[in-house]
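1. Fold the stuff below for me.
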Amino acid sequence: MSLIFYCMKRTFSWFGVIALIIAIVAFFWLQRAPVPTPTGSNETPDVIQPQPKPSPEADMIQVALPIPNTQITSPLVVTGKARGGWYFEASFPIELRDSNNVVMVTTTGQAQSDWMTDSFVPFTATLTFPAQPLGSTGTLILKKDNPSGLPQNEASISIPVQF
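-> Numbering: from 1, shown residues only. The predicted model follows:
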């Protein structure tokens, strides 16, 4: 009889040790901080997706309007902000091209405050262009002003648009 109690006592001891280990692991597992997902929920994602690196131009100019791939009409008001280095004499060139890459109109973006800074400076521009076939596409191109003409000083951003 004492042999049976000895075996049962030993078996229950091992079950106790295993249960304690499981409880400790579960406690620490549940205490880990959730990783925020791009959607803003607190669920832990299975895979963390790498974020694309912004282009160097994105740190130089940001366009508020027009939004890419939206329908535009004439006159088109372009607004945003650009760092002082994007301007020369408070302006920079802007052009609108049709679906055949033909320049329809050119104008200049004008700084709305002191442009001689490394900070962002608001700009605005208005483009008046001929009517285009409904549903056709084009490209709005904002170019860094480059009075030197040197290729290493050139930069631009392109915004696809619809007519």
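2. Quick check: the gap between residue 102 and residue 84.
-> Note on residue 102: its distance to residue 84, by CB to CB, to the nearest Å, is 32 Å. (Glycine included, C-beta is placed from N, CA and C.)
3. between the two, which one's more packed in?
-> residue 84 (17 against 9; other CB atoms under 10 Å).
4. State the three-state secondary structure for the closest residue to the more buried one other than its chain neighbours.
-> Of all residues not flanking residue 84 in the chain, residue 117 sits nearest, at 4.3 Å (CB to CB, 6 or more residues apart in numbering). At residue 117 the chain is in coil, as set by DSSP: H, G, I helix; E, B strand; the rest coil.
5. What's the local residue count around residue 117?
-> 13.
6. and if you look at residue 160?
-> Neighbours of residue 160 (other CB under 10 Å): 12.
7. and the protein, what are its domains?
-> 1-51, 56-162 (automatic domain parsing).
8. any idea of the mean pLDDT for the longest one?
-> What domain 56-162 shows for mean pLDDT is 93.
9. And for the shortest one?
-> Averaging the model's pLDDT scores along domain 1-51 yields 60.
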